[in-house]
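[1] Sequence and predicted structure are below.
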Number of protein chains: 2
Amino acid sequence: MNPQFARRMTRFQESDLTPILRLAANPDVISFAGGLPAPELFPVEDLKKVAVKVLDAYGRRALQYSATEGHLPLREKIAARTNKNLKTSLTAENVVVTTGSQQSLDILAKMYIDEGDCILCESPTYLGALSAFNSCLPAYREVATDGEGMVLADLEKALASEKSAKMIYVIPDFQNPSGKTWSLERRKAFLDTVSKYDILVVEDNPYGELRFEGTTPPSLKSMDARGQVVMLGTFSKIFCPGVRVAWVCGEPAFLESFCNLKQAADLHTSTISQYEIDAYLSDYDIEEHIKRLVSVYRERRDLMIRTMDAAFPKEVVFTRPEGGLFTWAEMPEHVNARELFLKALEKKVAFVPGGAFFPNGGHENTMRLNYSNMPPERIVEGIERLGAAIREYL
Amino acid sequence: MNPQFARRMTRFQESDLTPILRLAANPDVISFAGGLPAPELFPVEDLKKVAVKVLDAYGRRALQYSATEGHLPLREKIAARTNKNLKTSLTAENVVVTTGSQQSLDILAKMYIDEGDCILCESPTYLGALSAFNSCLPAYREVATDGEGMVLADLEKALASEKSAKMIYVIPDFQNPSGKTWSLERRKAFLDTVSKYDILVVEDNPYGELRFEGTTPPSLKSMDARGQVVMLGTFSKIFCPGVRVAWVCGEPAFLESFCNLKQAADLHTSTISQYEIDAYLSDYDIEEHIKRLVSVYRERRDLMIRTMDAAFPKEVVFTRPEGGLFTWAEMPEHVNARELFLKALEKKVAFVPGGAFFPNGGHENTMRLNYSNMPPERIVEGIERLGAAIREYL
């Protein structure tokens, strides 16, 4: 019995993420592959108090079906925090709670993408976004990206030539996978350019609050005069990913259509998780919690970069991110990181081969390395092993 | 700024569920509209203990990203309970945890439905399934349904004529919305008929464990020799819906493709909710809990049916379900339940107009009534008000 799959399943023959995430779960391997936060920093004790408090105060409501758009007090708090941190002017009406940002990506594609419609993205871009978009069978136009953001000349070329372009997907802060951040000038010029087109800008911002040094440029959303930008945020990187709670910010009319699709996809996000996060935000200082994360991740970045400087051959170049979870390495052209991956595995160290982050292929000489998840001694050991694997390969 | 929506959005211009669920939230209204469990029966105190225990024992793992297919001990327990209750022979390899069964419906459509492909369903069928399927733009062929299940002559006609039929969606136990249960004979004959075709059978079974009297016929899945049936189950009706944890049972090869799409949709279901349910199943007797639910819902069904007998005009006929959450009423042909809905609202009582459960329209003289959510005195008061509204309408 084998009914014929829908056409979109050709894009899901093998998921690039699945074997890598499986591997990352093997405790023998030092994994720089996932985008996992440091579990030792999860506020476990605070959450015990919060869980009991929520069940005492709101048990019946917190365990019941709830509104698709999310728990109002939580939406209000998300709007207020975003306004403070990213200079936006949002109210709860501009916020819908989602089951991770992954769900927002799935729904955004459903909203705008018919088969063959074009999505513009950075080159490279987030692998998981490509998976989500793929279920709507889009075409991708990668826009050349330098240290300051999308290259405007190439963006203009893409916008002029791709008549079916519906969406531009960008991660301006500590990009996944490159670790790069867009400059203020580039953000302004980007918005000037796209404002001439009827195209949605999706600003994915899971890492922006994890800044180790320097100052955060204004978010695209804060400079969005036309209601052209929707911004995605998440509790996964600043709190815990296991609860699967994130949010999307946009105009109320946009969110109404978004919610119709969200209701069809999972009715609503976990009621009790929303109540718990809301209680956590009321009773504890998440800004202090984020400061602790930043301090630990800064050390780990420093340690990883320092070890890479010493252990990697000079031909390998990599980013020195000012925040977020990832650095990105480019090796000599003839290196194939998928092959290197297998050699590294023999030494029990893992990364994500970079080719997977380019929807149209190529760039197989690249890799993404995560520094947030492994403790310091394993970062040093893992990078030294990886350096040895690269040297052997070369 | 208004980029053009994808074609599928024509199916989401207005959601039938949204205004009704909003209304159900107004505490002034006696609502028989939702499919909500009785919140006073949620095991709030047990869950307080479970939440603390899980965070003590597994805090770091329970709050982290986790495998798309779900938490292995929970999958094992789901397989064992299903085998015991529904005479299946499943292992954890046959079970994937989902973010509510709504997510399974969304993913099943993505897996099999290209635009215009046909889904066969009971007439009437579950409204929320139609919403989920609609994002893949299917056609629907309603199969005539009587008190014992799908009418086989009509099913055969549909299978023979609908060459693009990919999926048959059925709810054989205490169907939503009709409250009806398929007979054993019909189940066998149904499987005989469909076994001649390469078509997937989706057996949605959220209510089967809520049986008030009589015996449960074997599930379709338990009689499925060809791996043709996937079965959906959920903790929403036997535990709490607010945690959004459900499951899908099927062949491992099917589930592998299913998981690739699930990963793209939300990465995985809440880790901590899965740990908590697993701990609840270990430490408490969910079968005893379900007995309490059954006892309360049986009383409420009895009370609703008795009050309907007394308060509704004789021209209104309705089902006397042996379990589940709903009864289904048919009024004289000239009655339009959407109009009646507005009159009932004036009397502060709500139901779901039945036309929404027929994907190809018609049957506007029907309505679905839920008896699980409202306490006894409100059931009596609400049904009397509704009876008065119907009498006035007639």
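    Nice, thanks for sending it over.
[2] Looks like A:Thr319 contacts A:Thr327 (just checking).
    Yes. A:Thr319 is within contact range of A:Thr327, at 5.3 Å (criterion: CB atoms under 8 Å). The way it works is simple: take the backbone N, C-alpha and C, and place the C-beta from them, glycine included.
[3] Find residues that contact each of these two.
    Shared contacts of A:Thr319 and A:Thr327 (CB atoms under 8 Å, 6 or more residues apart in numbering or on different chains): A:Gly179.
[4] and A:Asn360, how many neighbours?
    Residues contacting A:Asn360 under the criterion other CB atoms under 10 Å in any protein chain shown number 11.
[5] Quick check: residues of the stretch 151-300 of chain A near chain B?
    Applying CB under 8 Å from any CB of the partner chain, we find that the stretch 151-300 of chain A lies next to chain B at A:166-167, A:198-200, A:226-228, A:236, A:240-244, A:257, A:259-261, A:263-273.
[6] From these, which land in helices?
    By the criterion of DSSP state H, membership of these in helices covers A:257, A:259-261, A:263-266, A:271-273.
[7] quick one: low-confidence ranges for chain A?
    In the predicted model of chain A, residues A:1, A:14-25 satisfy pLDDT under 70.
[8] and with 80 instead?
    In the predicted model, chain A carries pLDDT under 80 at residues A:1-2, A:13-26.
[9] Show me what counts as buried in the longest helix along it.
    Secondary structure of chain A per DSSP H: the longest helix is helix A:286-311. Applying a neighbour-count criterion of 16 or more other CB atoms under 10 Å in any protein chain shown, the buried positions in helix A:286-311 are A:286, A:289-290, A:293-294, A:296-298, A:300-301, A:303-305, A:307-308, A:311.
[10] And stretch A:337-357, by the same measure?
    Across stretch A:337-357, burial judged by 16+ other CB under 10 Å covers A:337, A:340-341, A:344, A:347, A:349-357.
[11] what do you get for stretch A:69-86?
    Here stretch A:69-86 shows A:69-71, A:74-79, A:81-82, A:85-86 as buried, counting by 16+ other CB under 10 Å.
[12] In helices, which of the residues you listed appear?
    In helices, defined here by DSSP H, the members of those are A:74-79, A:81-82, A:85-86.
[13] What about contact with chain B: does stretch A:118-137 have any residue there?
    Yes. Shown here: stretch A:118-137 in contact with chain B (CB under 8 Å from any CB) through A:128, A:131-132, A:134-136.
[14] centre of the chain versus that stretch, how much separation?
    Between the centre of stretch A:118-137 and the centre of its chain there are 12 Å (CA atoms, centre = their mean, to the nearest Å).
[15] cool, and stretch A:240-258?
    14 Å.
[16] before we move on, what about stretch A:208-216?
    16 Å.
[17] did I read that right, A:Glu122 in a helix?
    No. With DSSP: H, G, I helix; E, B strand; the rest coil as the criterion, A:Glu122 is assigned strand and is not in a helix.
[18] Secondary structure element for the residue most central in space within chain A, which one?
    By CA atoms, centre = their mean, chain A has its centre lying nearest to A:Pro206, at 5.1 Å. Assigned by DSSP states H and E, A:Pro206 belongs to neither a helix nor a strand.
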